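Undergrad: Take a look and give me a structure for this.
(chains A and B)
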Amino acid sequence: DQQVKQNSPSLSVQEGRISILNCDYTNSMFDYFLWYKKYPAEGPTFLISISSIKDKNEDGRFTVFLNKSAKHLSLHIVPSQPGDSAVYFCSLFGNEKLTFGTGTRLTIIP
Amino acid sequence: GAVVSQHPSWVICKSGTSVKIECRSLDFQATTMFWYRQFPKQSLMLMATSNEGSKATYEQGVEKDKFLINHASLTLSTLTVTSAHPEDSSFYICSALDRVVGQPQHFGDGTRLSIL
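TA: Have a look, this model is predicted:
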């Protein structure tokens, strides 16, 4: 039973436009929600997080939105850059554990 | 720079060999580290939580006698894949919980294990 779902396995966005990555979850018992970026054969790199008590967090080009009633999380990247091309994982941290989504491969088209 | 160092990055060995993977936190003390496994095009699956000075907590379906975890110091956790077989071939990644930040932000670069 997948607790964290990223329903779009891939996404292509034109350079300079906004990239929106989505994540849905089922279990509400989480403390933080985190987004990671991952290149092949490397470990995930932390991007941005949001506490379960907030609904928005912004850091430079990255903004994460949390809709607790819908159990939905999204990451906005604007403007998108070619270096943003990678696999993005949303993850939920609770009970001292991280649970990962299945990932979305983002491709930025120059 | 990297705050979690994982070594080795790539291992190729014969079936039946035991392989040890190290995970070190460089800039902080990590009382808790995590070990994950990732199959191609799949998500990272938590294998076990490693706590300094105590026994690791394994996730359901992970054989603790197969995947031995030792967390003897605040900066080092090791995962030993005992008597590895081809089905153990995978990408293993560790992460460390930074309690000052309160979130597991730091991952190692992973170890690609290939069993022939």
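Undergrad: Contact partners for the closest residue to B:C23 other than its chain neighbours?
TA: Excluding the flanking residues, the one nearest B:C23 by Cβ to Cβ, 6 or more residues apart in numbering or on different chains is B:C94, at 3.4 Å. Every C-beta, even on glycine, is put in place using the N, C-alpha and C of the backbone. Going by Cβ atoms under 8 Å, 6 or more residues apart in numbering or on different chains, B:C94 touches B:4, B:6, B:21, B:23, B:33-36, B:77, B:79, B:107-108.
Undergrad: distance of B:C94 from B:V19?
TA: B:C94 sits 14 Å away from B:V19, going by Cβ to Cβ, to the nearest Å.
Undergrad: thinking again about what came up before, ok, of the contacts of B:C94, which one's closest to A:F100?
TA: Using Cβ to Cβ, B:Y36 is the member of the contacts of B:C94 that lies nearest A:F100, at 8.0 Å.
Undergrad: For the closest one, list the residues it contacts.
TA: Counted by Cβ under 8 Å, 6+ apart, B:Y36 has contacts B:44-47, B:92-95.
Undergrad: need those residues in JSON lines with secondary structure and pLDDT, can you?
TA: As requested, the contacts of B:Y36 are exported to JSON lines (DSSP: H, G, I helix; E, B strand; the rest coil; pLDDT from 0 to 100):
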{"residue": "B:L44", "secondary structure": "strand", "pLDDT": "89"}
{"residue": "B:M45", "secondary structure": "strand", "pLDDT": "92"}
{"residue": "B:L46", "secondary structure": "strand", "pLDDT": "92"}
{"residue": "B:M47", "secondary structure": "strand", "pLDDT": "95"}
{"residue": "B:Y92", "secondary structure": "strand", "pLDDT": "96"}
{"residue": "B:I93", "secondary structure": "strand", "pLDDT": "95"}
{"residue": "B:C94", "secondary structure": "strand", "pLDDT": "94"}
{"residue": "B:S95", "secondary structure": "strand", "pLDDT": "91"}
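Undergrad: Can you tell me which of the residues you listed is nearest B:V11?
TA: Nearest to B:V11 among these, counting by Cβ to Cβ, is B:Y92 at 9.5 Å.
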